[in-house]
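Asker: 3D model of this:
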Amino acid sequence: MKKRVAILISGNGSNMVELVQSMGSAHPGIAALVLSNNPDALGLSRAEKLGVPIASLDHRPFDEDRAAYDVALHEFLSGHDIDFICLAGFMRILTGKFVSLWEQKIINVHPSLLPKYKGLKTHQRAIDAGDREAGCSVHLVASELDSGPLLGQARVKIFENDTASLLGQRVLIQEHRLYPLVLKRFLSGERNLLFLAD
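Answerer: Residues are numbered from 1 along each chain as shown. Next up, the predicted model:
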């Protein structure tokens, strides 16, 4: 039985597209839902064109009440018989209670070589630190931000006079490679860390 995967987005959904397209007949998962906290997210129309059911759960009516939003999110996903969640540019910090309800069932892609540079502006922070490489990580989601066990990493060289924008473009290419591979491996029961080089 294929796992029913929900992909959560907030923006244009480029990683979502790669995940959906990777879930062919031999894949242990199926893209059952693409959901956004932003009803105007470009990724929703992209998912619809790919034939994936879409939904939005706007966070704004919850007046920054993260707990109430997460209760509604949990109920919505449960009501759609979701087995597994991929965060793909979902710009919400999930509460510890939500994460505990979906323990070992949520993965995320983050644009740094974790544990370095949790949070935002990761590319500029890597450049400012004088790092020679950057990259992306796929990890299980834990209650602490960007801190769950690593499942995969892809490394990208930082060049002299690099900008955050240029570096970000190269890292995104690796995200598109890494995330679908890790999802398939994880749903197949593989837990060993996957490393990719650019």
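Asker: Could you use CA atoms for every contact and neighbour count after this?
Answerer: Will do.
Asker: From E48, how far off is H80?
Answerer: Separation of H80 from E48 (Cα to Cα, to the nearest Å): 17 Å.
Asker: same question, V20
Answerer: Per Cα to Cα, V20 is found 11 Å from E48.
Asker: Could you check which of the two is surrounded by more residues?
Answerer: V20 (22 against 14; other Cα atoms under 10 Å).
Asker: The residue nearest to the more buried one when sequence neighbours are not counted pairs with what?
Answerer: Excluding its sequence neighbours, the residue lying closest to V20 (Cα to Cα, 6 or more residues apart in numbering) is A31, at 5.9 Å. Beta-bridge pairing of A31 under DSSP bridges involves V5.
Asker: please begin residue numbering at 7 from this point
Answerer: Okay, using 7 as the starting number, the last item reads as A37.
Asker: Now for A37: which residues touch it?
Answerer: R10, V11, A12, I13, V26, M29, V58 (Cα atoms under 8 Å, 6 or more residues apart in numbering).
Asker: Please pick the buried ones from those.
Answerer: Burial by neighbour count, 16 or more other Cα atoms under 10 Å: within those this picks out R10, V11, A12, I13, V26, M29, V58.
Asker: does the fifth one belong to a helix or a strand, and which?
Answerer: Element membership of V26, judged by DSSP states H and E, is helix 20-28.
Asker: what do you get for G141?
Answerer: Using DSSP H and E, G141 maps to strand 139-146.
Asker: Give me the contact list for the next helix or strand after that strand.
Answerer: Using DSSP H and E, the helix or strand that follows strand 139-146 towards the C-terminus is strand 156-163. Residues external to strand 156-163 that are found in contact with it (Cα under 8 Å, 6+ apart): 119-120, 138-146, 176-177, 180-181, 184, 188, 197-204.
Asker: got it, and stretch 64-83?
Answerer: The contact list for stretch 64-83 (Cα under 8 Å, 6+ apart) reads A12, S42, N43, N44, P45, L63, L100, T101, F104.
Asker: quick one: which of the buried ones among the contacts of A37 is nearest K127?
Answerer: I13 (22.9 Å; Cα to Cα).
Asker: correct me, but the closest one touches L93?
Answerer: Yes: taking contacts as Cα atoms under 8 Å, I13 lies within contact range of L93: 5.9 Å.
Asker: A61 contacts S42, correct?
Answerer: Yes: the pair A61 and S42 qualifies as a contact (Cα under 8 Å) at a distance of 6.6 Å.
Asker: what is in contact with those two at once?
Answerer: Common contacts of A61 and S42 (Cα under 8 Å, 6+ apart): L50.
Asker: More neighbours: which of those two?
Answerer: S42 (27 against 17).
Asker: Please give me every residue in contact with the more buried one.
Answerer: Contacts here follow Cα under 8 Å, 6+ apart; on that basis S42 touches L14, I15, S16, G17, L50, A61, S62, L63, D64, F96.
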